[in-house]
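My questions are about this predicted structure, shown below with the sequence.
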Amino acid sequence: MEHVQRPSFDLTSGHASNVKRDFSRSRTLQRKAHRLIPGGAHTYAKGDDQYPENAPGFVARGHGCHVWDVDGNEFIEYGMGLRAVTLGHAYKPILEAAYKQMQLGANFTRPANIEVEAAENLLEMIDGADMVKFAKNGSDVTTAAMRLARAYTGRDLIAICGDQPFFSTDDWFIGTTDMRAGIPPHICELTMTFPYNDLNALSRLFDMYPSRIAAVILEAEACSPPKPGFLEGVKSLCEERGAILVFDEMITGFRWHLGGAQKYHSVLPHLSTFGKAMGNGFALAALVGKSEIMRLGGWEHDRERVFLLSTTHGAETHALAAAIETMRIYREQHVVDFLWQQGGRLRQLINQSIAENHLEGFFEVIGRPCNLVFVTRDQSHNRSQAFRTLFMQEMIRHGVIAPSFVVSFSHSDADLERTAEAVFEAHKVYRDALDNGIDKYLEGRSVKCVFRRYN
Ligand SMILES: Cc1ncc(COP(=O)(O)O)c(C=O)c1O
């Protein structure tokens, strides 16, 4: 197929795209990192196997949605800190709030007053929640939700939405993946899965294991919207069968709506979990929920007590200050509306490029505008990691790191336009690779999924 002309959004941005970049420091550091750190990174999703070989190895600094690698190359980023940084890197008001608090001390022998202020701030935003416990990681709070639900119901099984990618680093979830070495089989047997939007499948689980399912956990929405009545049906089923409904709002929180996806869809769970965007990159996560359940973690009740989230760093003061300031900015500057608006614009620009490069059915942008991801398909229309790699490779060549198209409050119109230019160039190569074979264009190995049993 002939190359198409550049689209109308072509800008003379003057930006360094498709320049020959020096990555020598990155490459040296990568070799060292693999000697010192299993997998070369402390988070699998950031690892070298997730990115094409021309990707920068290490980021030295960021500002807004721009990052500079250790060799001084600049890129626009999407996804930013695995979706934790929704306002922007080094976002000044957040840094100032955290620094001001840090100067008063990070952690004391008794609780800090800011713990109560942060609790009030978060609970004001989440309609159905009466109480909160803070922690550092999302995994810790989803795990705490499972323990609490088991204690509250006196049951042992957990039902998770099996086609959603991640809930926790702990055994109850990792045991359901292909990467379950080190997890005893009897632990794996305690977690059941059901597909999203399949109420009958969940109902069948309740029938198969009567009075045994303690909790049902899912993201209210991931890449596809709930069918009408699905979320309401899940809640009714849980209530009829005596299970606790948990919405994992690690991604949807601070994106779908100020009150989370539960507010957006008007279905309030019994417990829910937040993290990621809450501190604009400062480590903070939260379990929130009904006091009738949550209070088992305290002592003002007659039931057996539950060890519910108690960690040395859980209430680190500057992370709480960052969260309070993040929530203030979200409320006052309508951040969620901006994320939807910019995501919508970006989708339009990308769809224009898809049409102009005749890539319908091969490259698709899916999800809500505040959380866009892309799907890559090969000549046979099968999902393709090789074409994902090729697309990311070409985006990087044009100055954009795009494992997704998840925007932040710092993605300006100019950033979107620069991204659209890169997308158009990457799509041209994608089209050529469909026509002439990908091997001519792919410069290294393909990316791989994290959850694989062997290399
Ligand atoms: C939906 C969801 N739940 C839970 C987690 C775990 O959060 P953390 O990495 O902070 O432990 C993640 C992390 O990616 C997530 O995406």
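Happy to help now that I have it.

quick one: low-confidence parts of the stretch 51-200 of the chain?
Nowhere does the stretch 51-200 of the chain drop to pLDDT under 70.

Any residues of it in contact with the ligand? List them.
Residues of the stretch 51-200 of the chain found near the ligand (C-beta under 6 Å from any ligand atom) are Leu82, Asn137, Gly138, Ser139, Thr142, Phe166, Phe167, Ser168, Thr169. Heads up, the C-betas are built off the backbone N, CA and C, glycines and all.

can you tell me which residues contact the fifth one?
Okay, so that is Thr142. Going by C-beta atoms under 8 Å, 6 or more residues apart in numbering, Thr142 touches Phe167, Ser168, Asp170, Phe173, Ile217, Val246, Asp248, Met250, Thr273.

export the residues of the stretch 51-200 of the chain next to the ligand to a markdown table and tack on distance to Ala414?
Shown next, in a markdown table, are those (distance: C-beta to C-beta, whole Å):
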| residue | distance to Ala414 |
| --- | --- |
| Leu82 | 25 |
| Asn137 | 35 |
| Gly138 | 32 |
| Ser139 | 36 |
| Thr142 | 38 |
| Phe166 | 33 |
| Phe167 | 37 |
| Ser168 | 38 |
| Thr169 | 37 |
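
Pick out whichever of the contacts of Thr142 sits closest to the ligand.
When the contacts of Thr142 are ranked by distance to the ligand (C-beta to the nearest ligand atom), Met250 comes first, at 3.6 Å.

hang on, isn't the closest one packed against Thr273?
Yes. Here Met250 lies in contact with Thr273, judged by C-beta atoms under 8 Å, at a distance of 6.3 Å.

Show me which of the two is the more surrounded one.
For Met250 versus Thr273, the count of surrounding residues by other C-beta atoms under 10 Å is larger for Thr273: 30 against 27.

Quick check: chain neighbours aside, which residue is closest to that one?
With C-beta to C-beta, 6 or more residues apart in numbering as the criterion, Thr273 has its nearest non-adjacent residue at 4.4 Å, and that residue is Val141.

next one: Val267
Residue nearest to Val267 in three dimensions, not counting chain neighbours: Leu231, with 4.2 Å by C-beta to C-beta, 6+ apart.

in stretch 272-281, what counts as buried?
Burial within stretch 272-281, assessed by neighbour count using 16 or more other C-beta atoms under 10 Å, is assigned to Ser272, Thr273, Phe274, Gly275, Lys276, Ala277, Met278, Gly279, Asn280, Gly281.

Which two of the residues of the stretch 51-200 of the chain next to the ligand have the greatest separation?
Spatial extent of those (C-beta to C-beta) is set by the pair Leu82 and Thr142 at 15.2 Å.

need the contact list for whichever residue of the chain sits closest to the ligand.
Going by C-beta to the nearest ligand atom, the ligand is nearest to Gly138 of the chain, at 2.4 Å. By C-beta under 8 Å, 6+ apart, the residues touching Gly138 are Ser168, Asp248, Met250, Thr273, Gly275, Lys276, Ala285.

I'd guessed the second one sits against Thr273; true?
This means Asp248. Yes. Under the criterion of C-beta under 8 Å, Asp248 makes contact with Thr273 at 5.2 Å.

close to the ligand, is the helix or strand that contains Tyr330?
For Tyr330, the element it lies in under DSSP states H and E is helix 317-333. No. Helix 317-333 is not in contact with the ligand by C-beta under 6 Å from any ligand atom; minimum separation 12.4 Å.

Pretty sure Asp178 sits in a helix.
No. According to DSSP: H, G, I helix; E, B strand; the rest coil, Asp178 belongs to no helix; its state is coil.

just to revisit the earlier point, excluding sequence neighbours, find me the nearest residue to the residue of the chain closest to the ligand.
Distance criterion C-beta to C-beta, 6+ apart; nearest residue to Gly138, sequence neighbours excluded, is Gly275 at 3.6 Å.

Quick check, pLDDT for the one you found.
Gly275 carries a pLDDT value of 98.

So it sits against Leu284, correct?
Yes. Gly275 sits in contact with Leu284 when judged by C-beta under 8 Å, with a separation of 6.8 Å.
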